[in-house]
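**Student:** 3D model of this:
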Amino acid sequence: MAIYQAIEPAGTRRRYRLLSPVDREPIGELECMTASDVAAALERARKAQPAWAAVPIAERAALLRRVLARVLEDPDRITRTVIRETG
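**Tutor:** Okay, here's the model as predicted:
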(Lines give C-alpha, C1' and ligand atoms only; values in the text may rest on other atoms or scores of the structure.)
Protein backbone atom coordinates (compact mmCIF):
# COMPACT_ATOMS: atom_id res chain seq x y z
CA MET A 1 0.00 0.00 0.00
CA ALA A 2 1.22 3.49 -0.81
CA ILE A 3 2.16 5.89 1.91
CA TYR A 4 0.86 9.46 2.17
CA GLN A 5 2.79 12.38 3.60
CA ALA A 6 1.09 15.71 4.40
CA ILE A 7 2.76 18.60 2.58
CA GLU A 8 0.46 21.53 3.40
CA PRO A 9 -0.07 23.15 6.78
CA ALA A 10 -3.30 22.67 8.71
CA GLY A 11 -6.00 25.16 7.81
CA THR A 12 -5.29 25.10 4.07
CA ARG A 13 -6.53 22.73 1.41
CA ARG A 14 -4.78 19.52 2.39
CA ARG A 15 -2.22 18.13 -0.04
CA TYR A 16 -0.46 14.82 0.34
CA ARG A 17 2.59 13.41 -1.34
CA LEU A 18 2.15 9.81 -2.44
CA LEU A 19 5.21 7.73 -1.58
CA SER A 20 6.12 4.40 -3.14
CA PRO A 21 5.72 1.51 -0.69
CA VAL A 22 8.84 -0.03 -2.23
CA ASP A 23 11.39 2.72 -1.66
CA ARG A 24 9.33 5.60 -0.21
CA GLU A 25 10.24 7.83 -3.14
CA PRO A 26 7.60 10.40 -4.17
CA ILE A 27 5.39 9.15 -7.01
CA GLY A 28 2.64 11.77 -7.03
CA GLU A 29 0.58 14.27 -5.11
CA LEU A 30 -3.06 14.35 -4.05
CA GLU A 31 -5.18 17.34 -3.15
CA CYS A 32 -8.19 16.81 -0.90
CA MET A 33 -11.51 18.30 -1.90
CA THR A 34 -13.42 20.41 0.58
CA ALA A 35 -17.04 19.73 1.44
CA SER A 36 -18.07 22.61 -0.83
CA ASP A 37 -15.95 21.15 -3.67
CA VAL A 38 -17.79 17.85 -3.30
CA ALA A 39 -21.18 19.58 -3.22
CA ALA A 40 -20.33 21.54 -6.37
CA ALA A 41 -19.15 18.38 -8.16
CA LEU A 42 -22.37 16.59 -7.24
CA GLU A 43 -24.42 19.50 -8.52
CA ARG A 44 -22.55 19.48 -11.84
CA ALA A 45 -23.10 15.73 -12.11
CA ARG A 46 -26.82 16.10 -11.40
CA LYS A 47 -27.11 18.77 -14.09
CA ALA A 48 -25.16 16.69 -16.63
CA GLN A 49 -27.03 13.42 -16.03
CA PRO A 50 -30.16 14.20 -18.10
CA ALA A 51 -28.01 14.92 -21.18
CA TRP A 52 -26.09 11.66 -20.68
CA ALA A 53 -29.34 9.73 -20.18
CA ALA A 54 -30.59 11.14 -23.51
CA VAL A 55 -27.62 9.65 -25.40
CA PRO A 56 -28.72 6.41 -27.04
CA ILE A 57 -27.23 3.28 -25.50
CA ALA A 58 -25.39 2.40 -28.72
CA GLU A 59 -23.56 5.76 -28.63
CA ARG A 60 -22.69 5.33 -24.95
CA ALA A 61 -21.36 1.83 -25.66
CA ALA A 62 -19.27 3.16 -28.56
CA LEU A 63 -17.77 5.83 -26.31
CA LEU A 64 -16.91 3.25 -23.65
CA ARG A 65 -15.32 1.01 -26.31
CA ARG A 66 -13.12 3.94 -27.39
CA VAL A 67 -12.11 4.52 -23.76
CA LEU A 68 -11.27 0.83 -23.38
CA ALA A 69 -9.21 0.90 -26.58
CA ARG A 70 -7.17 3.82 -25.20
CA VAL A 71 -6.59 1.98 -21.94
CA LEU A 72 -5.45 -1.12 -23.81
CA GLU A 73 -3.09 0.81 -26.10
CA ASP A 74 -0.35 0.62 -23.47
CA PRO A 75 -1.08 -2.13 -20.93
CA ASP A 76 2.55 -2.12 -19.80
CA ARG A 77 2.19 1.49 -18.65
CA ILE A 78 -0.84 0.57 -16.57
CA THR A 79 0.98 -2.44 -15.13
CA ARG A 80 4.01 -0.32 -14.23
CA THR A 81 1.78 2.24 -12.52
CA VAL A 82 -0.06 -0.40 -10.47
CA ILE A 83 3.22 -2.05 -9.44
CA ARG A 84 4.77 1.31 -8.53
CA GLU A 85 1.76 2.33 -6.45
CA THR A 86 1.19 -0.99 -4.69
CA GLY A 87 4.71 -2.36 -4.36
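**Student:** does residue 58 count as helix, strand or coil?
**Tutor:** helix (DSSP: H, G, I helix; E, B strand; the rest coil).
**Student:** What average pLDDT does the lengthiest helix in the chain get?
**Tutor:** As assigned by DSSP state H, the longest helix anywhere in the chain is helix 35-54. Mean per-residue pLDDT for helix 35-54: 94.
**Student:** What strand or helix carries residue 64?
**Tutor:** helix 57-72 (DSSP states H and E).
**Student:** chain center to that helix: distance?
**Tutor:** In terms of Cα atoms, centre = their mean, to the nearest Å, the gap separating the centre of helix 57-72 from the centre of its chain is 18 Å.
**Student:** Also stretch 52-59?
**Tutor:** With Cα atoms, centre = their mean, you get 24 Å for stretch 52-59.
**Student:** Give me the residues contacting that stretch.
**Tutor:** residue 60 (Cβ atoms under 8 Å, 6 or more residues apart in numbering). Bear in mind the C-beta positions are built from the backbone N, C-alpha and C, glycine included.
**Student:** Also stretch 33-49?
**Tutor:** So stretch 33-49 is contacted by residue 13 (Cβ under 8 Å, 6+ apart).
**Student:** Assign the residue nearest the centre of the chain to one of the three secondary structure states.
**Tutor:** Nearest to the mean C-alpha position of the chain, counting by Cα atoms, centre = their mean, stands residue 30 at 9.6 Å. When classified by three-state DSSP, residue 30 comes out as strand.
**Student:** For it, which non-adjacent residue is spatially closest?
**Tutor:** Closest residue to residue 30 apart from its sequence neighbours, by Cβ to Cβ, 6 or more residues apart in numbering: residue 16 at 4.7 Å.
**Student:** circling back: in terms of pLDDT, where does the residue nearest to the centre of the chain sit?
**Tutor:** Predicted confidence (pLDDT) for residue 30: 86.
**Student:** thinking it is in contact with residue 13, fair?
**Tutor:** No. Using Cβ atoms under 8 Å, residue 30 is not in contact with residue 13, being 10.9 Å away.
**Student:** Need the overlap of contacts for those two.
**Tutor:** Contacts common to residue 30 and residue 13, judged by Cβ under 8 Å, 6+ apart, are absent.
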